[in-house]
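Visitor: sequence plus predicted model, see below.
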Amino acid sequence: MKDVANCPKCGTLFVKALRPICNSCFTEQEKNYEKVSTFMRKKQNRMASIRELHEKTEVPLEQIHQFVREGRLLAKSFPGLGYPCESCGELIQEGRICATCKGNITGGLEKLDRESQFESQKEEKRKAEAKEKFTAYHSLNDRFKK
């Protein structure tokens with residue numbers, strides 16, 4: 001059975017079958033895509049930035065970002081296009097986060113891993129030292145009994 005949902009853009013009730021938005025919002029989104037696509041196809045506009053594209057076409061920035069994120073506008077063909085990094089907001093052309101944020105995250109994880117290894121080595125060393133300090137005394141009386 002099809003799901004009934006409220007459109008996240010306009011709030012109207014619709015049957016959620018093929019798309020996450022209602023038909024009227026989808027039609028509007030497609031018109032906006034056509035505006036952006038037509039503008040970017042012109043040779044003189046290929047180097048336009050996101051801001052220029054927004055100002056000339058009057059399409060919301062979020063929607064332009066969505067078109068780039070979805071791959072409908074190829075960022076490789078239009079170097080001025082991109083969408084914000086989910087961490088810092090810097091414009092990127094692929095993925096979810098920029099190289100700097102990715103480096104910070106992986107660097108932080110590597111640091112945690114090194115600290116964890118250091119702690120486990122320290123714990124092993126402490127156990128070894130405790131084992132060396134432990135001495136046991138045995139009686140020799142059992143050897144001489146007959």
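Guide: Okay, I see it. This structure is a prediction, so every number in the text was calculated from the model and none was measured.
Visitor: and residue 80, its phi and psi?
Guide: Note on residue 80: its backbone torsions stand at phi -80, psi -10 [degrees, to the nearest 10].
Visitor: show the model's pLDDT score for the residue lying closest to it once chain neighbours are set aside.
Guide: Take residue 80 and drop its neighbours on the chain: the residue closest to it by C-beta to C-beta, 6 or more residues apart in numbering is residue 49, 4.3 Å away. Heads up, the C-betas are built off the backbone N, CA and C, glycines and all. With respect to pLDDT, residue 49 scores 85.
Visitor: pull out the buried positions in stretch 22-40.
Guide: In terms of neighbour count (16 or more other C-beta atoms under 10 Å), stretch 22-40 has its buried residues at 22, 25-26, 29, 32-33, 36, 39-40.
Visitor: this protein: strands as residue ranges?
Guide: When assigned using DSSP state E, the strands of the chain occupy the ranges 3-6, 13-16, 83-84, 91-92.
Visitor: pairing partners for the third one, with directions?
Guide: It stands for strand 83-84. According to DSSP bridges, strand 83-84 forms sheet pairs with strand 91-92 (antiparallel).
Visitor: average pLDDT for the partner strand?
Guide: 86.
Visitor: list the buried residues in the biggest helix by length in the chain.
Guide: Identified as the longest helix of the chain according to DSSP state H is helix 99-133. In terms of neighbour count (16+ other C-beta under 10 Å), helix 99-133 has its buried residues at residue 101.
Visitor: could you do stretch 53-66 as well?
Guide: Neighbour-count burial for stretch 53-66 flags 53-54, 57, 59, 63-66 (criterion: 16+ other C-beta under 10 Å).
Visitor: just those residues now: which is nearest residue 124?
Guide: Among these, residue 65 lies closest to residue 124 (C-beta to C-beta), at 50.1 Å.
Visitor: for the closest one, which non-adjacent residue is closest in space?
Guide: residue 83 (3.8 Å).
Visitor: need the contact list for the one you found.
Guide: 65-66, 68-69, 91-93 (C-beta atoms under 8 Å, 6 or more residues apart in numbering).
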